[in-house]
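**Student:** fold the stuff below for me.
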Amino acid sequence: MTLETAAIIACAYFIAAFVKGATGLGFSTSALPILALGIGLKAAMPLVIIPSLVSNSIIMAQAGHFRETLQRFWPMFVATLPGLVVGLAVLDLVNSLMAGAVLGVVLMVYGALTLWRPGRPVPEKLEKPLAPVMGFATGLVNGITGSQVMPVLPFLLSLRLDPKRFIQAINISFSLSSIVMAMGLSKMGLMTLESVWISLAGLIPVYLGTKLGGIVRSRMDAESFRKVVLIMLVIFGVILIGKFMLF
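**Tutor:** Numbers count the residues shown, from 1 in each chain. Predicted coordinates:
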């Protein structure tokens, strides 16, 4: 590995970890475009798995409420797994980058409209029946496009959770998805021993970026946090469309 390549990877890790620390989401979505431009998309995909799981763990430890969140949303988390299996099977039949671009448009429109006109909270009586549906749909979309945020993110936002509980719930979902994706990439031969060592070496900028972002997040109130998350959703949409145009 050249010094230039190592610098690109370290930079991608730090920027993505800072975004993750500040908003509670977006490590893979933020890191992949930078890594893909420097080393290619296929080589980049396995490099985000371990740092993503580590950044998730740091954020989840900071947020607390783990047992409470698990008890409340376990049907959604469980339903994500078969959704991922189906999504990965569908991946062979569709153009994943084009599917990601379509998802990017949806993210942009949803984020912009919700910023402009906040939606009504989901009634409490609908949370339980909707949770497994949202979980399965999130796994399906993740398997096809690699994006972990739809529709679980707008669903959790509509519940008007406080920032810590929102972050805990979304990161449990992300972690489950990342573990399944790691297994899939290993079977495809993309998750190699070299990529694991690179990922482990990158945990230093990941740790620093996540901690720094966490300081920024701790100074935001609930409404400001919600707006930042929605802005990030619009940015993720732009990134997904950009990936389709570039690759």
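**Student:** use CA for all of it now, contacts and neighbours both
**Tutor:** Noted.
**Student:** if you count contacts, what does the helix or strand bottoming out on mean pLDDT in the chain end up packed against?
**Tutor:** Per-element confidence for the chain was summarised using mean pLDDT, DSSP states H and E. The lowest value among helices and strands belongs to helix 41-44, with a mean of 74. Packing partners of helix 41-44 (3 or more Cα pairs under 8 Å, 6 or more residues apart in numbering; DSSP states H and E): helix 27-39.
**Student:** moving C-terminal of the least confident helix or strand of the chain, what's the next helix or strand?
**Tutor:** Later in the chain than helix 41-44, the nearest helix or strand by DSSP states H and E is helix 49-63.
**Student:** which positions within the next helix or strand after that following helix qualify as buried?
**Tutor:** Once helix 49-63 ends, the next helix or strand along the chain (criterion: DSSP H and E) is helix 66-91. For helix 66-91, burial by neighbour count (16 or more other Cα atoms under 10 Å) applies to 66, 69, 73-81, 83-88, 90-91.
**Student:** what do you get for stretch 222-231?
**Tutor:** Neighbour-count burial for stretch 222-231, with 16+ other Cα under 10 Å as criterion, is recorded at Phe225, Arg226, Val228, Val229, Leu230, Ile231.
**Student:** what residues does it touch?
**Tutor:** Contacts of stretch 222-231 from elsewhere in the structure, counted by Cα atoms under 8 Å, 6 or more residues apart in numbering, are Thr23, Gly111, Ala112, Thr114, Leu115, Leu157, Asp162, Pro163, Arg217.
**Student:** Throw the buried residues of stretch 222-231 into a markdown table and include secondary structure, distance to Leu200 and pLDDT, thanks.
**Tutor:** Formatted as a markdown table, the buried residues of stretch 222-231 follow (DSSP: H, G, I helix; E, B strand; the rest coil; distance: Cα to Cα, whole Å; pLDDT from 0 to 100):
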| residue | secondary structure | distance to Leu200 | pLDDT |
| --- | --- | --- | --- |
| Phe225 | helix | 30 | 82 |
| Arg226 | helix | 32 | 76 |
| Val228 | helix | 29 | 84 |
| Val229 | helix | 28 | 81 |
| Leu230 | helix | 31 | 81 |
| Ile231 | helix | 30 | 86 |
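**Student:** out of those residues, which is nearest to Ile172?
**Tutor:** Val229 (17.0 Å; Cα to Cα).
**Student:** give the closest residue to Pro75 in space, chain neighbours not counted.
**Tutor:** Once its chain neighbours are removed from consideration, Pro75 has its nearest residue in Pro132; the separation is 5.3 Å (Cα to Cα, 6 or more residues apart in numbering).
**Student:** thought the one you found was touching Arg72?
**Tutor:** No: contact criterion Cα atoms under 8 Å: Pro132 and Arg72 do not qualify, at 11.6 Å.
**Student:** for this structure, which segments are assigned as helices?
**Tutor:** For the chain, the helices defined by DSSP state H cover 3-23, 27-39, 41-44, 49-63, 66-91, 96-116, 124-145, 152-158, 163-187, 193-201, 203-218, 222-246.
**Student:** just for the protein, where's the confidence low?
**Tutor:** Segments of the chain classed as low confidence (criterion: pLDDT under 70) are 1, 41, 92, 96, 117-120, 247.
**Student:** what residues does stretch 171-181 touch?
**Tutor:** Taking contacts as Cα under 8 Å, 6+ apart, the residues outside stretch 171-181 that touch it are 24-25, 49, 52-53, 56, 59-60, 77, 80-81, 84, 139, 142, 148.
**Student:** among these, which pair sits farthest apart?
**Tutor:** With Cα to Cα as the measure, no two of the contacts of stretch 171-181 lie farther apart than Ile59 and Leu84, at 23.2 Å.
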